[in-house]
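Undergrad: mind folding the following:
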Amino acid sequence: EPHLFFKNESPSVGRFAGRCPCFGYHPGMRRSWILGLLLALDMPSASAAPPAQEPRQEFESQAAKLEGKRDPKAWLKLADFAEEHLLWDQREEALRNSLRNDPENSVVHDRLNERLWDGKWLPIEEADTLEETAMEAKGLTFYGDKWVSAKTADTLRETDRKTVKWDCNLRLDSPPLTIYSDRPLALARRTARLFKRHEQAYRRLYAPVWRLKPMMPPTKVYLFAKRKTYVEICSEETHTTVPDFAAGGYSDETGTLYVGMTREQAENGNQTPERMLLNAIHEMTHGLTHGLAGRHKGMPSWLEEGLADHLGFAIRSDWVLPGFVGIPEGNGRRRELRDAVEGLTPEVLLKMDNSAFYGNSGKSYALAWAWVHFLYHGEGGKHAEGFRRFLANCPSRSSIADFEKTVGKISELEPAFKGYCEQALLK
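TA: Here you go, the predicted model:
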């Protein structure tokens, strides 16, 4: 039986993935999860180390040492430091300084969301628009991986429609993705770029633990402009009823990521590109966990969905920055989290079976996201190493007893967790 991971992004209901009991959840369905293990070594030394500087102070200190030096690699390394510590303005400062001494470095330009067009480095979306305008003026249409004549595009489109069984307007080939869409070309390109950046972040987090495959298996991505088409195609291919509050889904049986919209979003016309991309990254995380790591069985729901939202809500300027809190306008995550913190506890969350978790999806998803965020980043990251050890043993050892053995007593973590929610996630 096909296994489908639905994604809900409705502010009134909360995000939903998986198949909830009310429409046919079965305990054998596949689960996806993500983990990372970055070993932190506490090496004793003969003399006490000087107190560590705050990241911002450390950046300023290193930048002052580099001032006036022609060392683009050192500035690039400093940009990496700034990105790791979510110092976005400082990241750009370091990248710009790197470019001053290496002005044609395409990797640095890409990190600044720039691409080359007509001999000039321009913001990517501006360059894409200029290219599209110029090519269409010549009577060309983008299809697959290049600009072709309108006649050729029509022929390719009709062939693809017979394969995917819906009226997509374009195909964009960006291995391992093949994106079929009836949305604008610019959004398909943006999705492809974000996926590559998401995969980079995913590998940095989890390659030290899992034996990740060198490349994700070929994956189809459907970007739907109409909910009606999304529901029809998703239901037909997965043999699953799509609930009103589902905005997307991933099926490992079909190797397809479905990105649509909730019924509420369709009726009110408020599914923005940012909300669509958040859903896509959540589902892409499931896809990477299946396709790269081969891990999808037996994970607790709170862990599976909390890890996926950890990256889904970490998008800034089309980059995935673990630790960043990026909540698109109109998304109800903060309200859901406040309700969850007032009505649930982490211990209750960890005791939930799949039926209970998905039956209370709004609060469950919000609390799972916040709990994972806290374990990775709360209290200066002091719990991260233990949490990663717990993840490394999952899913075979993922009980509450296993958690408390490697991470700590939940009751002792809860006060700091609530403080972290107030200070970092609910602002």
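
Undergrad: helices of the stretch 101-250 of the chain, start to end?
TA: 106-111, 124-137, 150-164, 185-206, 227-238 (DSSP state H, counting those that start in this stretch).

Undergrad: now for those, which one comes closest to residue 170?
TA: Residue 170 lies closest to helix 185-206 among those, at 6.0 Å (CB to CB). Just so you know, the C-beta spots here come from the backbone N, C-alpha and C atoms, and that holds for glycine as well.

Undergrad: if we can go back for a sec, so which of the helices of the stretch 101-250 of the chain gets nearest residue 413?
TA: Among these, if distance is taken as CB to CB, the winner is helix 185-206, at 21.4 Å.

Undergrad: the helices of the stretch 101-250 of the chain: which one's closest to residue 85?
TA: Closest approach to residue 85 among the helices of the stretch 101-250 of the chain is made by helix 185-206 (14.3 Å; CB to CB).

Undergrad: if you count contacts, what does the closest one end up packed against?
TA: For helix 185-206, the packing partners by 3 or more CB pairs under 8 Å, 6 or more residues apart in numbering; DSSP states H and E come out as helix 124-137, strand 170-174, strand 177-181, strand 219-223, helix 273-291, helix 301-312, strand 319-320.

Undergrad: now with 7 Å?
TA: helix 124-137, strand 170-174, strand 177-181, strand 219-223, helix 273-291, strand 319-320 (3 or more CB pairs under 7 Å, 6 or more residues apart in numbering; DSSP states H and E).

Undergrad: please identify the most buried of those.
TA: Ranked by mean neighbour count under mean count of other CB atoms under 10 Å, the helices and strands packed on helix 185-206 are led by helix 273-291, which reaches a mean of 24.

Undergrad: before we move on, the earlier item: any chance of the helices of the stretch 101-250 of the chain in JSON lines, with distance to residue 355 and mean pLDDT too?
TA: Formatted as JSON lines, the helices of the stretch 101-250 of the chain follow (distance: least, CB to CB, whole Å; pLDDT from 0 to 100):
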{"stretch": "helix 106-111", "distance to residue 355": "44", "mean pLDDT": "96"}
{"stretch": "helix 124-137", "distance to residue 355": "44", "mean pLDDT": "97"}
{"stretch": "helix 150-164", "distance to residue 355": "34", "mean pLDDT": "96"}
{"stretch": "helix 185-206", "distance to residue 355": "28", "mean pLDDT": "94"}
{"stretch": "helix 227-238", "distance to residue 355": "20", "mean pLDDT": "95"}
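
Undergrad: nearest to residue 340, out of those?
TA: Nearest to residue 340, of all these, is helix 185-206, at 24.7 Å by CB to CB.

Undergrad: relative to helix 124-137, how tilted is that closest one?
TA: Orientation note: helix 185-206 sits at an angle of 140 degrees relative to helix 124-137 (axes from the mean of the first three to the mean of the last three CA atoms, to 10 degrees).

Undergrad: kind regards, and thank you for your time.
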